[in-house]
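Peer 1: Below are the sequence and a predicted model for it; my questions follow.
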Amino acid sequence: MTSFWSLRRTLLAAGGAAGTVYAFSTYSRSKSNKKHRVHVVAADTPAPVPGPLPMRAANLQALQETAEFDVLVIGGGATGCGVALDAVTRGLKTALVERDDFSAGTSSRSTKLIHGGVRYLQKAIMGLDKEQYNLVKEALHERANLLEIAPHLSGPLPIMLPVYRWWQLPYFWAGIKAYDLVAGSQCVKSSYLLTKSRALELFPMLKKDRLVGAIVYYDGQHNDARMNLAIALSAARHGAAVANHMEVKSLTKSTDDNGKEVISGAIMKDTLTGEEITVKAKCVINATGPFTDGVRQMDNAQIPNICQPSAGVHIILPDYYSPESMGLLDPSTSDGRVIFFLPWAGLTIAGTTDSPCDVTHNPTPTEKEIQFILNEIKNYLSPDVSVRRGDVLAAWSGIRPLVSDPNSKNTQSISRNHVIEVSPTNLVTIAGGKWTTYRSMASDTVDKAIDVCSLEPRHKECQTDGLMLEGGDAYTPTMFIRLVQDFGLENEVAQHLAHTYGDKAFEVAKLAQMTGKRWPVVGKRLVEDFPYLEAEVKYAAKEYACTAIDVIARRTRLAFQNVQAAETALPTIVKLLGQELGWSKQRCKEEEEAAKEFLYMEMGGKAHLDVRAQTTPDTNLPVADIERYTKRFNKVAGAKGFITHVDLGTIIQNLGIDVSDDQLHDMLEEVDTNRNGQVELDEFLQLMNAAHLGYVTLSRLDRIMALTDNMVEKKAIPTHRSGGGV
């Protein structure tokens, strides 16, 4: 009887949900029949400048020599770049500056989803909250728009919601169908119900015990950093002066015709050269994400904060953790949060956490958060899948700029909706919101700026709804075939170039070097197992890459995919970028060191070493294993008691394996936790213990040393992408 009444309540709730959504959607259509169209042609928008992008030096010159801009945007994340693109396409003289690189902060550290927000729709229905409903409706329109204006960087992604209780099936089904209903004609693809057997067929890694079925719905997925960059480059093509690595040091003020003190520009420093300049503007817009309050307090040091930062951690796992084209949603983790488990860039992304944090330019993922994610995904995966700490290839933390709600007790209940604030001195601040709605946030912000600062745009209305982004105009899904046929590129590389650069992929291909092989004809890779080319480093300089970190993190996504692979590629990247930008030997050395520090602190390297250091070999390893590993170590180390790269070189030479000196050093550094250039017995046992616990997988040093037990095997052991981890 109890189960009957539970099911009855569920069905009633489902019916109520559908009725509520229908009422909301009918009301919205009566208010505006054309607001949420995706096929919008930007009317009368200035044509983008064809040919090469203006050089960074030219943009800096424009910042210095322009008497006064209409709009100066501070912040080069998705929102800031969106504001710049919106302003310049309305005909406003626009400048944008960013302290670090475009998308260096939160905008490159997302879950990579373009979504309306299933959770917000649930809140809207359960609380009869029209504001939450409007937020979802707006986000679903922006999702459709992003999928259209940057087809090379985005695409639909099916996401599975596994169901383990029969009564949840109608409940979740009603909620997901409501999501489709709200999207209306902009629904990516219709959701559908799966039987248990069909769910396991599509997601074979799924735990089958107690599984009763699943629901699949669709959202969008994108390459977030490259999308952010495409917005910035599009703004530059339309005439905006955009400059990364320009830090605003202070705001300037003057008195207007009415005797009112107003913001009139900013003093900024080029962080690469140290040169300071003053830029004047009729309106200054603060779009600095989690650093919003820092800029606001340049205007008024006494003003209270409006942002409450929240840290979200994600991890990257090997591709075999998820199907190639099916994601997974855990709607209720052990602490009530939501975790996504998605295929991305040929690997698997899992996250996110959501916890209050301090604002920092260098957020670091903690081992506690990494372990939380690993423990949660274990609950949904088959026992055949051993979820190992050593399979974590990269990990990062992003700071979300949530708008504070004084009545809220935790960050989860804070709305991601945006807030526009205008100070008494006319500083326009845009805060909150989320990636998907960057364009509508920008539109609202420029509307406010025009009104407050009495700007006179050529176009009063927003021009960016339907405006194609850099690389999207002539892109087609089959473009990669031309790259293969015309240039002799590998299929995988050609697809990567097409999906990364769109119709600009041919420009990158023209820079590719001959391989000297029968096939592929051109296209030297930066690192094995990833489709990135050396030519992309040269092209990155044309896309305003100024540092090695700009290349490994945001022009390519190597740092976010595999920390060890990124470190392996660093010397080549520094050499090539240095040639393009005219670096000295000292500058090259500094760039490589800075990039390694970035990988260590911000991409999960530190957390990995911390967890390795906390393991105690003699308490976890069986005695027999300790004896076996000690014997193996002593066989190589000899009487001196430690192993150097020379020892490794001797072993490898005897085995007949061809390994470079740099690779020998890399193998040693994987284990050399105290960084003294040699491996002691305790470090080697620590490695073996970490492997025993699953913290490390496929260590190259261990594999090489294991071959000394039996010198018959002569073939090199390739390092798989899951090897080592962070």
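Peer 2: That came in fine, so what should we check first?
Peer 1: where along the stretch 201-350 of the chain do the helices fall?
Peer 2: 224-237, 292-299 (DSSP state H, counting those that start in this stretch).
Peer 1: So which elements touch the longest one?
Peer 2: So that's helix 224-237. The helices and strands touching helix 224-237, judged by 3 or more Cβ pairs under 8 Å, 6 or more residues apart in numbering; DSSP states H and E, are helix 78-89, strand 94-97, strand 241-243. All C-beta atoms are positioned from the backbone trio N, CA, C, and that covers glycine.
Peer 1: Flag the shaky bits of the protein, pLDDT-wise.
Peer 2: Scanning the chain for pLDDT under 70 picks out 1-47, 405-416, 608-620, 640, 655, 662, 672-677, 694-699, 709-725.
Peer 1: what are the phi and psi angles of the closest residue to Pro331 other than its chain neighbours?
Peer 2: Using Cβ to Cβ, 6 or more residues apart in numbering and skipping residues adjacent in sequence, the residue nearest Pro331 is Val338, 5.9 Å away. For Val338, the backbone dihedrals (degrees, to the nearest 10) come out as phi -110, psi 140.
Peer 1: Val338 and Leu329 touch, don't they?
Peer 2: Yes - counting by Cβ atoms under 8 Å, Val338 touches Leu329, with 7.0 Å between them.
Peer 1: Neighbour count: those two, which is higher?
Peer 2: Per other Cβ atoms under 10 Å, whichever of Val338 and Leu329 has more neighbours is Leu329, with 20 against 16.
Peer 1: what's near enough to touch that one?
Peer 2: Listed by Cβ atoms under 8 Å, 6 or more residues apart in numbering, the contact set of Leu329 reads 118, 159-161, 338-341.
Peer 1: Check Leu193 too.
Peer 2: 169, 173, 213-215.
Peer 1: Show only the entries of those found in strands.
Peer 2: Using DSSP state E, the subset of the contacts of Leu193 located in strands is 213-215.
Peer 1: so which of those comes closest to Thr94?
Peer 2: Ranked by distance to Thr94 (Cβ to Cβ), the ones in strands among the contacts of Leu193 are led by Ile215 at 44.4 Å.
Peer 1: Quick check: beta-bridge partners of the closest one?
Peer 2: Assessed by DSSP bridges, Ile215 has beta-bridge partners Leu161, Leu193.
Peer 1: Next, work out how far apart it and Lys434 are.
Peer 2: Ile215 sits 23 Å away from Lys434, taking Cβ to Cβ, to the nearest Å as the criterion.
Peer 1: Check Met705 too.
Peer 2: Computed as Cβ to Cβ, the Met705 to Lys434 distance reads 49 Å.
Peer 1: Repeat that for Glu590.
Peer 2: Applying Cβ to Cβ to Glu590 and Lys434 gives a distance of 36 Å.
Peer 1: Give me the more crowded residue out of those two.
Peer 2: Counted by other Cβ under 10 Å, Glu590 and Lys434 do not tie: Lys434 has more neighbours, with 26 against 15.
Peer 1: hey, which of the helices of the stretch 201-350 of the chain is tucked in deepest?
Peer 2: Across the helices of the stretch 201-350 of the chain, the average number of neighbours (mean count of other Cβ atoms under 10 Å) peaks for helix 224-237, which reaches a mean of 27.
Peer 1: Please write out the alpha-carbon positions of it in CSV.
Peer 2: Taking Å, rounded to 0.1, in the frame of the first residue of the first chain, the C-alpha atoms of helix 224-237 are listed here in CSV:
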residue,chain,number,x,y,z
ASP,A,224,35.2,26.4,-23.5
ALA,A,225,38.6,28.1,-23.8
ARG,A,226,38.5,28.0,-27.5
MET,A,227,34.9,29.3,-27.5
ASN,A,228,36.0,32.2,-25.3
LEU,A,229,38.9,32.9,-27.6
ALA,A,230,36.6,32.8,-30.7
ILE,A,231,34.5,35.5,-29.1
ALA,A,232,37.6,37.6,-28.4
LEU,A,233,38.9,37.1,-31.9
SER,A,234,35.5,38.0,-33.4
ALA,A,235,35.5,41.2,-31.4
ALA,A,236,39.0,42.0,-32.8
ARG,A,237,37.9,41.3,-36.4
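Peer 1: The stretch 51-200 of the chain: helices as residue ranges?
Peer 2: Going by DSSP H, counting those that start in this stretch, the stretch 51-200 of the chain shows helices at 56-65, 78-89, 118-126, 130-149, 168-183, 196-202.
Peer 1: the inter-axis angle of the third one versus helix 130-149?
Peer 2: In this case it means helix 118-126. 150 degrees (axes from the mean of the first three to the mean of the last three Cα atoms, to 10 degrees).
Peer 1: Tell me the helices and strands packed up against helix 118-126.
Peer 2: By 3+ Cβ pairs under 8 Å, 6+ apart, helix 118-126 packs against helix 2-31, helix 130-149, helix 168-183.
Peer 1: Dump the C-alpha coordinates for the second one into PDB.
Peer 2: So the one you mean is helix 130-149. Output in PDB follows, covering the C-alpha atoms of helix 130-149 (Å, rounded to 0.1, in the frame of the first residue of the first chain):
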ATOM      1  CA  LYS A 130       8.800  32.400 -12.500                       C
ATOM      2  CA  GLU A 131      12.300  33.900 -12.200                       C
ATOM      3  CA  GLN A 132      13.900  30.500 -12.200                       C
ATOM      4  CA  TYR A 133      11.800  29.500 -15.100                       C
ATOM      5  CA  ASN A 134      12.800  32.600 -17.100                       C
ATOM      6  CA  LEU A 135      16.400  31.800 -16.300                       C
ATOM      7  CA  VAL A 136      16.100  28.300 -17.800                       C
ATOM      8  CA  LYS A 137      14.100  29.600 -20.800                       C
ATOM      9  CA  GLU A 138      16.800  32.200 -21.500                       C
ATOM     10  CA  ALA A 139      19.600  29.600 -21.100                       C
ATOM     11  CA  LEU A 140      17.900  27.200 -23.500                       C
ATOM     12  CA  HIS A 141      17.700  29.900 -26.200                       C
ATOM     13  CA  GLU A 142      21.400  30.700 -25.700                       C
ATOM     14  CA  ARG A 143      22.300  27.000 -25.800                       C
ATOM     15  CA  ALA A 144      20.600  26.800 -29.300                       C
ATOM     16  CA  ASN A 145      22.300  30.000 -30.400                       C
ATOM     17  CA  LEU A 146      25.800  28.900 -29.300                       C
ATOM     18  CA  LEU A 147      25.400  25.600 -31.100                       C
ATOM     19  CA  GLU A 148      24.600  27.500 -34.300                       C
ATOM     20  CA  ILE A 149      27.200  30.300 -34.200                       C
END
